[in-house]
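**Q** From the sequence below, what's the structure:
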Amino acid sequence: MRASRRSTSARPPPVNVAAISGPNDAVLVAAAQRGDRAALDRLLRRHYDRLFHVCRRLTGNDADAYDATQEALVAIVRGLRHFDGRSSFSTWAYRVATNACLDELRRRARRPEPADGEVLAPADETDVATAVTDRLTIDEALAAIPDDFRAAVVLRDVCGLDYAEIATVLGIPPGTVRSRIARGRGAVADRLRGNPATNPERQIPRP
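**A** Numbering: from 1, shown residues only. Purely as a prediction, here's the structure:
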């Protein structure tokens, strides 16, 4: 049985800066494909935070984002031997993470909602009210738009991918990417509480 994820805070582990410096991705990928576990570990640590941020924006909460990130890392490890370098490793990793998130969203849709009165894990008591409020408002707006639009907007405005890269990640034509981003941004802008809804090109703040 899958353990409940609501009893503990689903925060990513601290990043060891020393582990992410050094050789570029192509060198680490080649070494990892040859079975170098240290290279694989460095590669995963280098990209963990960015993958988690993508998953956090797509799933809308830390618990599901943590699960999706773990699923993505497992898929990356299993599929690395088939990575052929036609795209950058980061673009390929974003594609894996996006697919993991969409799978997690489908699983979440089949899970029962928490019972009334269920207590979730307490948040950090540090006074970060403004940042939390902004983040929750954006998350609520993102959660209200279709998954396809959300994925395109997050990959553009959170990850900074260009249209060609997003097309590769999502497996759709660049023209469709542009349409989804424009419509997704417009929908998000319409739902942002206390913000003008007249500018569909308003970007989502990076985490």
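**Q** What segments of this structure are helices?
**A** Along the chain, counting by DSSP state H, helices occupy 17-20, 25-33, 37-59, 62-79, 89-110, 129-143, 147-157, 163-170, 174-191.
**Q** Can you tell me which of those helices is most buried?
**A** helix 147-157 (a mean of 23; mean count of other Cβ atoms under 10 Å). To be clear about C-beta, it is placed using only N, CA and C from the backbone, and glycine gets the same treatment.
**Q** what residues does it touch?
**A** Applying Cβ atoms under 8 Å, 6 or more residues apart in numbering, the set of residues contacting helix 147-157 from outside is 54, 57-58, 94, 98, 101-102, 105, 142-143, 145, 161, 163, 165-166, 169-170, 177, 180-181, 183-185, 187-188, 203-204, 206.
**Q** Then stretch 80-90?
**A** 25, 26, 29, 32, 33, 40, 43, 47, 50, 92, 165, 168.
**Q** residue contacts, residue 164?
**A** Here residue 164 is in contact with residue 174 (criterion: Cβ under 8 Å, 6+ apart).
**Q** Walk me through the domains of the chain.
**A** The record assigns the chain these domain ranges, following automatic domain parsing: 18-111, 128-201.
**Q** will you turn those into TSV that also has mean pLDDT?
**A** Converted to TSV, those look like this (pLDDT from 0 to 100):
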stretch	mean pLDDT
domain 18-111	87
domain 128-201	76
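**Q** Reformat the contacts of stretch 80-90 into JSON lines and put distance to residue 85 next to each item.
**A** Shown next, in JSON lines, are these (distance: Cβ to Cβ, whole Å):
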{"residue": "25", "distance to residue 85": "10"}
{"residue": "26", "distance to residue 85": "7"}
{"residue": "29", "distance to residue 85": "7"}
{"residue": "32", "distance to residue 85": "12"}
{"residue": "33", "distance to residue 85": "10"}
{"residue": "40", "distance to residue 85": "16"}
{"residue": "43", "distance to residue 85": "13"}
{"residue": "47", "distance to residue 85": "16"}
{"residue": "50", "distance to residue 85": "19"}
{"residue": "92", "distance to residue 85": "9"}
{"residue": "165", "distance to residue 85": "15"}
{"residue": "168", "distance to residue 85": "13"}
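**Q** Relative to residue 138, which of those is nearest.
**A** Using Cβ to Cβ, residue 50 comes nearest to residue 138 of the contacts of stretch 80-90, at 17.6 Å.
**Q** Over to the nearest residue to that closest one once chain neighbours are set aside: give its phi and psi.
**A** Nearest residue to residue 50 in three dimensions, chain neighbours excluded: residue 159, at 6.9 Å (Cβ to Cβ, 6 or more residues apart in numbering). Dihedral angles phi and psi of residue 159 (degrees, to the nearest 10) take the values phi -90, psi -20.
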